[in-house]
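**Q** Okay, structure incoming, though there's no sequence with it:
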């Protein structure tokens, strides 16, 4: 079964609204989680590294004020897309590593469609 | 972070062995090589990881030459369900962030 779960799997929202995506590690604690974005027929692009109890580290070109990341506990990280626009429509995937250097598990992904 | 290069696409037929080669010329001493599989609208799934020589598990083998500048993922007797995108990644010391390259889109035909 899945060890990293995302919710919701699909979300449709109106332009200008905010959407929150949750990422949970189900049977292990994850001090670090990673958020990726994937457009159709493209590879995964790392957006940010989510650190429990501290600020996320964003990759170059990713707006931290638009993509808010909160890692409030060792099993939950959230990504909030603020004031979403149609160009934010994408597949968002989170991942977490079991232990400091263990296998990296990916969530099932969340499909965001902004109308 | 080491950059990886792999073929954009490959075609195969059911029952054949498929070998996907990835080059990572600037791999560092503490880097591990990891392969992931991704189906449409799903998150990537771990296939295999290795550091040198050969690693085998229940689904694949990974061949890494002595210079470690390339690696080959071998899928024995592929089936239609193996149609997916396969990503080769270099991972520092089995920790830290993973940067995905372009991936290889494998199409298995009947």
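**A** Yes, it's here. All figures in this text were calculated on a predicted structure; none of them were measured in a lab.
**Q** from the middle of its chain, how far away would the helix or strand bottoming out on mean pLDDT in chain A be?
**A** Sorting the helices and strands of chain A by mean pLDDT, DSSP states H and E puts strand A:104-106 at the bottom, at a mean of 88. Distance of strand A:104-106 from the chain centroid (C-alpha atoms, centre = their mean, to the nearest Å) equals 12 Å.
**Q** partners of the helix or strand just after it in the sheet?
**A** Downstream of strand A:104-106, the next assigned helix or strand under DSSP states H and E is strand A:110-114. When pairing is defined by DSSP bridges, strand A:110-114 lines up against strand A:10-13 (parallel), strand A:90-97 (antiparallel).
**Q** any idea of the mean pLDDT for strand A:110-114?
**A** Mean pLDDT, strand A:110-114: 97.
**Q** Could you give me the buried positions within that strand?
**A** Within strand A:110-114, the residues that count as buried by 16 or more other C-beta atoms under 10 Å in any protein chain shown are A:110-112, A:114. Using the backbone N, CA and C atoms, a C-beta is placed for each residue, glycine as well.
**Q** ok, back up a step: I'd like to know which elements the least confident helix or strand of chain A is packed against.
**A** strand A:90-97, strand B:45-50 (3 or more C-beta pairs under 8 Å, 6 or more residues apart in numbering or on different chains; DSSP states H and E).
**Q** looking at the strands paired with strand A:110-114, which is buried most?
**A** Among the strands paired with strand A:110-114, ranked by average contacts under mean count of other C-beta atoms under 10 Å in any protein chain shown, first place goes to strand A:90-97 (a mean of 24).
**Q** first to last residue in stretch B:62-77, what's the distance?
**A** 15 Å (C-alpha to C-alpha, to the nearest Å).
**Q** was I right about residue B:102 contacting residue B:8?
**A** Yes - Residue B:102 lies in contact with residue B:8 (C-beta atoms under 8 Å); the separation is 6.3 Å.
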